[in-house]
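Peer 1: Quick check, what structure comes out for this input:
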Amino acid sequence: MLLPDSYLDEWILALAALVVAVGVISKFAYAAYKAIHRIDMTLGVDKRGRTISERLERVEYQLFPNGGNSLVDRVNQIAYDQRTIEGELRFMKDYMGIARHDDVV
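Peer 2: Okay, here's the model as predicted:
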């Protein structure tokens, strides 16, 4: 039958609807809490007590040359060292008389 025959059936259906509604609401509330917490962690203070502006300052510090401590300075140093090694290798090949047809200069 589609319609309940007694009050007991009506109470069971109402209780089941209530349980489902509470479950849906609690799942939505938990998802909203996780989203808000993620936003707060991104924009607010992290576990070390730093704000987003302090964290961005550390990133910005790495993006511009500053006398050897930034990422740019280190990449430039690696490029310089690579060119130095390349020149030394070219000199050694010339000195030893090794053919340089495979070198790209």
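
Peer 1: What residue spans form the domains of this structure?
Peer 2: In the assignment given by automatic domain parsing, the structural domains of the chain cover 23-63, 66-98.

Peer 1: Which of the ones you listed sits closest to Tyr7?
Peer 2: domain 23-63 (24.4 Å; CB to CB). C-betas here are computed from N, CA, C, even on glycine.

Peer 1: picking up where we left off before, mind putting the domains of the chain into JSON lines with mean neighbour count and distance to Ala14?
Peer 2: Conversion of those to JSON lines gives the following (neighbours: other CB atoms under 10 Å; distance: least, CB to CB, whole Å):
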{"stretch": "domain 23-63", "mean neighbour count": "10", "distance to Ala14": "15"}
{"stretch": "domain 66-98", "mean neighbour count": "11", "distance to Ala14": "64"}
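
Peer 1: Include distance to Leu15 and mean pLDDT when you put the ones you listed into a markdown table, please.
Peer 2: Conversion of the domains of the chain to a markdown table gives the following (distance: least, CB to CB, whole Å; pLDDT from 0 to 100):
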| stretch | distance to Leu15 | mean pLDDT |
| --- | --- | --- |
| domain 23-63 | 13 | 86 |
| domain 66-98 | 62 | 89 |
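
Peer 1: closest to Leu13 out of those?
Peer 2: Taking CB to CB as the measure, the domains of the chain were each checked against Leu13, and domain 23-63 came out nearest at 15.7 Å.

Peer 1: Start and end of the closest one, how far apart?
Peer 2: The straight-line separation of the ends of domain 23-63 (CA to CA, to the nearest Å) is 48 Å.

Peer 1: coming back round to it: tabulate the domains of the chain (a markdown table), appending distance to Leu8.
Peer 2: Output for those, formatted as a markdown table (distance: least, CB to CB, whole Å):
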| stretch | distance to Leu8 |
| --- | --- |
| domain 23-63 | 23 |
| domain 66-98 | 72 |
